[in-house]
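Undergrad: Here is the input, now give the coordinates:
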Amino acid sequence: MRVFYWLAMAAAVAAAPARLAADPLEAAMALELRRAMNGLKQEGYPPAYYVSLSAIEVESWEQRCEMGEPYFSGQYRQRLMTPMVRVGDYALDNHPVNNITGFQARGVSSADDEFALRYGLWRQLDGAYKAASADFLRKQAVRVSRGKTDYDTDDLTREQPRVRRAGQSDSFWDTQLLSRLAAEAGQGLRREPGLISADSTARLRREWTRLRDSEGSAVDFGRDVAELEIEASSYSADGTRIYAARRFTATTPAALPAQDAVRASTNELLDDLRALTVASTTSPFSAPTLLDPSAAAAVVLSIGLRVSGEEQRNPAGAQTFHGKLGKAVLPRGFTLIDDPTIAEYKGKALAGHYDFDDQGIPAQRVTLIEDGVLKGMLLSRYPVVGFTKSNGHGRAFAGYASEGLPGSLFLTSRKTYSQAELLDLLRAECRKRGKPYGIWVRKLRGFSQQQGTAGHASIRFTGGLVYLVDARTGALTLVRDLDLVGTSLALLGNIRAAGADAEARDTVYGVPMSVVVPSVLLADGELQRSESRPEKSPILPAPPLKNAAESSRSIPFLPRLLQVQVQRYVLRGAARLLPRFVIAGVLDYRQHLEGRDAFLDFKLQAGSLSELESTLRRLDQAVSGFADGRPVEKKTLAPAMPKRSYEARYGAGWPE
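TA: Here you go, the predicted model:
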């Protein structure tokens, strides 16, 4: 096969000098690939048995706005060349025991000068071969000392060569339109001058890749992604920064949002921020949890990132699904597939759609979990025990090594429920487990996933709206400063039901991906305190808007909110109630005796948290004076919260 390929390539070069002259990059890649296969060898080291070159033309444009006005705009063009040199053979080569990490590419001449291009390729391939030879010897030593593990298999799949030659299409992207969309989003934020940050960013990235390898593959493909991000932040009453964000992703100009949609999304974002500004706080806890499609999509994506072939063979990784093929990882009735061949869902274009992966393998539908049982992996050309071929999921951000990554993930369930039915199921689960509240997570802002075995793939879902759902009444209470956490396996095992509200969500996680998922009910979810910390608010108020029309529409975003806190003191052995007294900042108090112990509850009210702290210090001093040296125990019955939140929870009464 290899001899025939190089003879055919040599004949093609000789027979079509005019075509190659018109395409110096094509000629340079063909000639240097042939030289590498024939001449990259040195005594004591094996020759290269596989070489590939990926030439990536990158065009990038970005504009960032603050309060609707640009503060950064930039664009660049670059030609990257990513070489892959393998020494040894398909069964054992220089692929590291851990995953290939780091930037692998190097810029080459952007001019169509054959000599300059060949010079750059010559240097890259020489360095890649030397590094590969050293890595191969080190890997042989590791194999001798460690032995072959149960998850080791061949290091490169054997594939049929694919040919798909195409020219990059003309760009129909309108960067002026992207600028207008970013400005439109910013103008909506501009009407709220009290925001701590008000950013809108539009970006466009176009890539055109030509993959050529020593097996005979010659595949051309493109990847266009435009993004519009809107993010704003404010302070809650206790000085903790709160965020809200929206994102639009498009892989074709037709998929860009209309200005009306951007305007509506910005208004919705501001409504969420206002609600979070006055939301309650509560302590971390665990309870049955309902995730809307935005939060469920993050869970499914985190699972998709862990079901890659590379993950299963990486001893430094979490190996979340190692040894679980053929075993139940989801309840019966649930199925998870990845199908990058599907271009749209319910009329919405899917960003995860592609025809060929970054290793020149056609995109394929893969059943990952069927009826709850793990059936497959997302595979590049780095094989996994039981899978000898790639399934077209070897994907990579430009300049990095390919690995098994999702395209478009679809989670389905045989039985689905309406939102009202899911909330009823949530409350029933809470009552069964003796939990006073359930959790409802909506409009998730993002998530982060730990790497390595120490974190066991721990995931933190940040931002969004978190509601407590009363198990008895169904009443909703918005809370803040809490993030949902868990691991892929724990979250998978906790899924109990799915909604009938499946939505498509796009994201760019190095490469564009899509997740089509409904709301899901978890038997248990854990809320932890967010990683945000209180900050000092600005000393001066935000500057006023000069435009009278804008000023008349603007609303002070950080009103002076009355804060309420309930504090309990227990005086051991006091055997008497205290005389009535007045302390500034104490709205009400009550007391009673239990045996010889006096219980005193105080409801504090102040215009700010600092004033509340001052009142608490005065109260501490007063109670200590009444105690006459007896021990005093102190407990917070209701933490500091806006008065309206307190009244929504307790009315005019006391927490019990």
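
Undergrad: Which residue, neighbours along the chain excluded, lies closest to residue 498?
TA: Closest residue to residue 498 apart from its sequence neighbours, by Cβ to Cβ, 6 or more residues apart in numbering: residue 413 at 3.7 Å. For the C-beta atoms, the positions are set from N, CA and C on the backbone; glycine is no exception.

Undergrad: repeat for residue 46
TA: Once flanking residues are discounted, residue 46 sits nearest to residue 87: 4.7 Å by Cβ to Cβ, 6+ apart.

Undergrad: would the one you found count as being in a strand?
TA: Yes: applying DSSP: H, G, I helix; E, B strand; the rest coil, one finds residue 87 inside a strand.

Undergrad: burial measure for it, as a count.
TA: A count of neighbours around residue 87, defined by other Cβ atoms under 10 Å, yields 24.

Undergrad: swap in residue 562?
TA: So residue 562, with other Cβ under 10 Å, has 17 neighbours.

Undergrad: wait, what's in contact with the spatially closest residue to it that is not a sequence neighbour?
TA: When the adjacent residues along the chain are set aside, residue 562 lies closest to residue 643, with 4.1 Å between them (Cβ to Cβ, 6+ apart). Going by Cβ atoms under 8 Å, 6 or more residues apart in numbering, residue 643 touches 561, 562, 563, 564, 605.

Undergrad: Lowest pLDDT pick from these?
TA: Scanning those for pLDDT, the low point is residue 561. It has 60.

Undergrad: Doesn't residue 505 lie inside a strand?
TA: Yes: assignment of residue 505 by three-state DSSP places it within a strand.

Undergrad: thought it was touching residue 299?
TA: No: counting by Cβ atoms under 8 Å, residue 505 does not reach residue 299; the two are 11.3 Å apart.

Undergrad: Neighbour count: those two, which is higher?
TA: Taking neighbours as other Cβ under 10 Å, residue 505 and residue 299 compare with residue 299 leading, 27 against 23.

Undergrad: Is the closest residue to that one other than its chain neighbours in a helix, a strand, or coil?
TA: In this structure, residue 299 finds its nearest non-sequential neighbour in residue 491, 5.2 Å apart by Cβ to Cβ, 6+ apart. Per three-state DSSP, the secondary structure class of residue 491 is helix.

Undergrad: With residue 73 instead?
TA: Here residue 73 is strand, with the state taken from three-state DSSP.

Undergrad: Can you give me the domain assignment for the protein?
TA: 2-277, 285-529, 562-650 (automatic domain parsing).

Undergrad: Highest average neighbour count across those domains: which stretch is it?
TA: Among these, ranked by average contacts under mean count of other Cβ atoms under 10 Å, first place goes to domain 285-529 (a mean of 20).

Undergrad: Now do it: distance from first to last residue.
TA: Using Cα to Cα, to the nearest Å, one end of domain 285-529 lies 9 Å from the other.

Undergrad: Tell me which stretches of the stretch 401-550 of the chain form helices.
TA: Counting by DSSP state H, counting those that start in this stretch, one finds helices in the stretch 401-550 of the chain at the ranges 419-433, 488-494, 548-553.

Undergrad: Let me know the helix or strand that the spatially closest residue to residue 441 that is not a sequence neighbour is in.
TA: Sequence neighbours aside, residue 295 is the residue nearest to residue 441 in space, at 4.4 Å (criterion: Cβ to Cβ, 6+ apart). Assigned by DSSP states H and E, residue 295 belongs to helix 293-306.

Undergrad: quick one: low-confidence ranges for the stretch 451-600 of the chain?
TA: For the stretch 451-600 of the chain, the stretches with pLDDT under 70 are 451-458, 547-561, 580-581.

Undergrad: Strands of the stretch 251-400 of the chain, residue ranges please.
TA: Along the stretch 251-400 of the chain, the stretches classed as strands by DSSP state E, counting those that start in this stretch are 285-291, 334-338, 344-345, 348-349, 366-370, 373-374, 394-395.

Undergrad: Export those strands to CSV and append columns for mean pLDDT.
TA: Shown next, in CSV, are those (pLDDT from 0 to 100):
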stretch, mean pLDDT
strand 285-291, 92
strand 334-338, 97
strand 344-345, 96
strand 348-349, 94
strand 366-370, 97
strand 373-374, 96
strand 394-395, 97
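
Undergrad: Which of the ones you listed sits closest to residue 266?
TA: strand 348-349 (20.2 Å; Cβ to Cβ).

Undergrad: List the beta-bridge partners for residue 467.
TA: Beta-bridge partners recorded for residue 467 (DSSP bridges): residue 440, residue 478.

Undergrad: C-alpha coordinates for stretch 568-578, PDB please?
TA: Coordinates of each C-alpha in stretch 568-578 appear next as PDB, following Å, rounded to 0.1, in the frame of the first residue of the first chain:
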ATOM      1  CA  ARG A 568     -30.300  33.800  69.600                       C
ATOM      2  CA  TYR A 569     -28.500  33.900  72.900                       C
ATOM      3  CA  VAL A 570     -28.800  31.200  75.600                       C
ATOM      4  CA  LEU A 571     -27.800  32.200  79.200                       C
ATOM      5  CA  ARG A 572     -27.100  29.100  81.100                       C
ATOM      6  CA  GLY A 573     -28.300  29.100  84.700                       C
ATOM      7  CA  ALA A 574     -29.800  32.600  84.500                       C
ATOM      8  CA  ALA A 575     -33.200  31.400  85.900                       C
ATOM      9  CA  ARG A 576     -34.900  34.700  85.100                       C
ATOM     10  CA  LEU A 577     -36.100  36.800  82.100                       C
ATOM     11  CA  LEU A 578     -34.400  40.000  81.400                       C
END
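
Undergrad: Run through who's touching that stretch.
TA: Under Cβ under 8 Å, 6+ apart, the answer for stretch 568-578 is 591-593, 596-602, 623, 626-627, 630-637.

Undergrad: Dihedrals phi and psi, residue 184?
TA: When read as degrees, to the nearest 10, the backbone of residue 184 gives phi -60, psi -40.

Undergrad: Assign the nearest residue to residue 207 once chain neighbours are set aside to helix, strand or coil.
TA: The shortest distance from residue 207 to any non-neighbouring residue, by Cβ to Cβ, 6+ apart, is to residue 223 (4.5 Å). Of the three states, residue 223 takes strand according to three-state DSSP.
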